[in-house]
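In: Here is a sequence together with a model predicted from it:
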Amino acid sequence: SSDRIKNAFLRSKIMTAEDAASLIQSGNTVGMSGFTGSGYPKALPPALAERIETAHDAGENFKINLWTGASTGPELDGALSKSDAIEYRLPYNSDPVGREKINRGEIDYLDMHLSHVAPMVWEGFFGKLDVAVIEVTGVNEDGSLIPATSVGNNKTWIDCAEKVILEVNSWHDERMLGMHDIYYGTALPPNRVPIPMVSADARIGQPTFRCDPHKVAGVIVTDLPDRNAPFSPIDDTSRTIAAHLMEFLQHEVKMGRLTNRLLPLQSGVGNVANAVLDGLKDTPFHDLKAYTEVLQDGMMDLLDSGQLLTASSTAFSLSPEAAVRFRENLDFYRDKVILRPTEISNHPEVIRRLGCISMNGMIEADIYGNVNSSLVMGSRIMNGIGGSGDFARNSFISIFVSPSVAKGGKISTIVPQASHVDHITQDVQVLVTEQGLADLRGLSPKKRAQTIIKNCAHPDYRPMLEDYFERAKRDAYGLQTPSLPSEALSWHQRFIDTGTMRP
Ligand code: 0RQ
């Protein structure tokens, strides 16, 4: 309600979502809040979608360019995609309607390293940002803004946009004030300075966003829930993947390369990454910290049990049940959770310094350990690279996890050659499937191939991979990474032609 807005000037800007939507013009570039299904505006986007549909019905061509932190919810990406309102989208989408339109060629989509987005906008690489639409928990008397359940690129949108529209959502708990750490020390080259983050739970910024009140063109008052997608129940495959990974981490402790406190954990989006966190429960690891970009159910469980001391993230990515639990026990989580701008949560400098252990899902890996996170059969987008590249290249150990087959066994996730590469072999140190774990550190390409085929491939596809690798070693043009170009992507072509990679 409007008493969340303590600043009188901003209170005078309260308007309906429809009136606020009319402030956005065709061709505008709009930066909206939102990261996973958290902290995205929920009233303006549906009103804008309706306004755009009306314009389309009248024969007008009305579209916007949409920038966000990462994925959002059905009221934002869903509604705007459905209404053909989006000309251009960056940096991440996981909305099913948006995905379909991107794959039909109807939305131009730039899938980016998430840590690059804010700096590149500041650097002016993408032109001007017309409007920012930001969901917040409240407005303080001095006009500063209390962030909501995600930070994402909000600081940058508020600073760079010509005008700002706020959604003050009283569904968010006011006790979140103090959980956020908004760092204002970034600058453009040649004036950049080190980011003073020396531990995963350090606070280096301030709890609120600064915002010039004279840029605020409208304030909408809402009371609407975040809509994060629930996770799939943890199945045996994911449990087995987690068990391999836990055995590996315990081995690293035995070898003296890690201690039972490990190093700051990063865990990616998706069901498998969530299941891996669940696997930590039955291990001797303790006093853990997370330096990650999404805080999912598995991490909340670890905070609850005390195994995880603190979690630094840019957003919550909680199932509806976990979101309720979070709100009910907010006082417990308040000093354990730190939400930061994505340019900090995913900052290569910080990830390298802290030595994160990164664990991300993948679409496929090839026998040399190149990983595809984003494009099915090399051309159809699933979600995007997201933050996986920020972490993979800079982590202490970069781990990718996946079942060895997809679509009921019709697809092998270990292939002769990745149909698209997000993470080059140098950025991938460990691969895990339910079949086993491949520790690729220090291995030359041919040794990597042997290890991946032996440890990770599904038995149905393993002989085919062995056969390919043997023939490649015999017939390849060079023997550094033996490959047969005319055959390397034939598994993908077979799937496209016949619906399965099996011969
Ligand atoms: O689709 O449900 O329609 O069958 O992909 O697959 O096995 O449930 O795995 O939920 O962990 O997601 C790579 C998508 C894995 C995710 C990806 C199909 C599979 C299923 C999901 P269906 P699973 P997960 C930081 C890190 C990129 C961003 C990232 C992702 C669906 O991890 O988006 O890492 N990562 N960010 O059937 C065809 C294959 C497939 C396949 C899986 N080889 N071919 N379909 N699928 N492998 C966080 C952020 O950036 C926010």
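Out: Okay, I see it. Residues are numbered from 1 along each chain as shown.
In: Now do the contacts for the residue lying closest to Val168 once chain neighbours are set aside.
Out: Once flanking residues are discounted, Val168 sits nearest to Arg4: 5.0 Å by C-beta to C-beta, 6 or more residues apart in numbering. Backbone N, C-alpha and C define where each C-beta goes, glycine included. By C-beta atoms under 8 Å, 6 or more residues apart in numbering, the contact list for Arg4 reads 137-139, 168, 170, 174, 221.
In: can you check Leu80 too?
Out: Leu80 neighbours (C-beta under 8 Å, 6+ apart): 45, 48-49, 52, 64, 66, 86.
In: next one: Leu245
Out: 276, 279, 359, 399, 401, 430, 432, 437.
In: Which residue is the nearest non-sequential neighbour of whatever residue of the stretch 51-200 of the chain ends up closest to the ligand?
Out: Using C-beta to the nearest ligand atom, Ala70 is the residue of the stretch 51-200 of the chain that sits closest to the ligand, at 4.7 Å. With C-beta to C-beta, 6+ apart as the measure, Tyr92 is the residue that lies nearest to Ala70, at 4.0 Å, once sequence neighbours are left out.
In: tell me the SS of the one you found?
Out: Following DSSP: H, G, I helix; E, B strand; the rest coil, we place Tyr92 in the coil state.
In: okay but it is in contact with Gly384, surely?
Out: Yes. Counting by C-beta atoms under 8 Å, Tyr92 touches Gly384, with 4.4 Å between them.
In: Give me the common contacts of those two.
Out: Common neighbours of Tyr92 and Gly384, counting by C-beta under 8 Å, 6+ apart, are 111-112.
In: secondary structure element for Phe326?
Out: helix 320-328 (DSSP states H and E).
In: What are the buried residues along that helix?
Out: For helix 320-328, the neighbour count (16 or more other C-beta atoms under 10 Å) marks 322-323, 325-326 as buried.
In: Tell me how far the residue of the stretch 201-350 of the chain found nearest the ligand lies from Gly143.
Out: At 2.4 Å from the ligand, Gly270 is the closest residue in the stretch 201-350 of the chain, using C-beta to the nearest ligand atom. Using C-beta to C-beta, to the nearest Å, Gly270 is found at 39 Å from Gly143.
In: more crowded one of the two?
Out: Gly270 (25 against 20; other C-beta atoms under 10 Å).
In: what's the first-to-last distance across stretch 407-414?
Out: 14 Å (C-alpha to C-alpha, to the nearest Å).
In: Who are the contact partners of the most centrally placed residue in the chain?
Out: Centroid-nearest residue in the chain: Gly386, 4.5 Å away (criterion: C-alpha atoms, centre = their mean). Counting by C-beta under 8 Å, 6+ apart, Gly386 touches 70, 92, 114, 268-269, 293, 373.
In: list the contacts for Gln493?
Out: Per C-beta under 8 Å, 6+ apart, neighbours of Gln493: none.
In: Report the secondary structure element holding it.
Out: Assessed by DSSP H and E, Gln493 sits inside helix 490-498.
In: For that helix, buried residues please.
Out: By 16+ other C-beta under 10 Å, the buried positions in helix 490-498 come out as 490-492, 495.
In: So which bits of this protein are right by the ligand?
Out: With the criterion set to C-beta under 6 Å from any ligand atom, the chain comes near the ligand through 36, 70, 268-273, 293-294, 360-364, 373-374, 376, 382-383, 386-388, 403, 406-407, 411, 413.
In: Now, of those residues, which are buried?
Out: Among the residues of the chain next to the ligand, the ones that count as buried by 16+ other C-beta under 10 Å are 36, 70, 268-273, 293-294, 360-364, 373-374, 376, 382-383, 386-388, 403, 411, 413.
In: Strands - which of those residues land there?
Out: The strands, defined by DSSP state E, take in 294, 360-361, 364, 376, 411 from these.
In: Closest one to the ligand out of the residues you listed, please.
Out: Gly361 (2.5 Å).
In: Okay, the closest one and Ser144: tell me how far apart.
Out: Noted for Gly361: a distance of 37 Å to Ser144, by C-beta to C-beta.
In: cool, and Glu162?
Out: 20 Å.
In: With Gly386 instead?
Out: From Gly386 across to Ser144, the span is 29 Å (C-beta to C-beta).
In: Now for the closest residue to Ala476 other than its chain neighbours: which residues touch it?
Out: Spatial nearest neighbour of Ala476, chain neighbours left out: Pro482 (3.8 Å); criterion: C-beta to C-beta, 6+ apart. Residues in contact with Pro482 (C-beta under 8 Å, 6+ apart) are 446, 449, 469, 472-473, 476.
In: Contact partners for the residue nearest to Ala70?
Out: Tyr92 makes contact with 68-71, 111-112, 114, 383-384, 386, according to C-beta under 8 Å, 6+ apart.
In: Most neighbours among those, which one?
Out: Gly69 (31 neighbours).
In: Export stretch 27-34 to CSV, keeping only CA atoms.
Out: Taking C-alpha atoms only, stretch 27-34 is exported to CSV below (Å, rounded to 0.1, in the frame of the first residue of the first chain):
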residue,chain,number,x,y,z
GLY,A,27,10.8,1.8,-30.1
ASN,A,28,11.8,2.5,-26.5
THR,A,29,14.5,0.5,-24.8
VAL,A,30,13.1,-0.5,-21.4
GLY,A,31,15.3,-1.9,-18.6
MET,A,32,13.1,-3.9,-16.2
SER,A,33,14.0,-5.4,-12.8
GLY,A,34,13.8,-9.2,-12.4
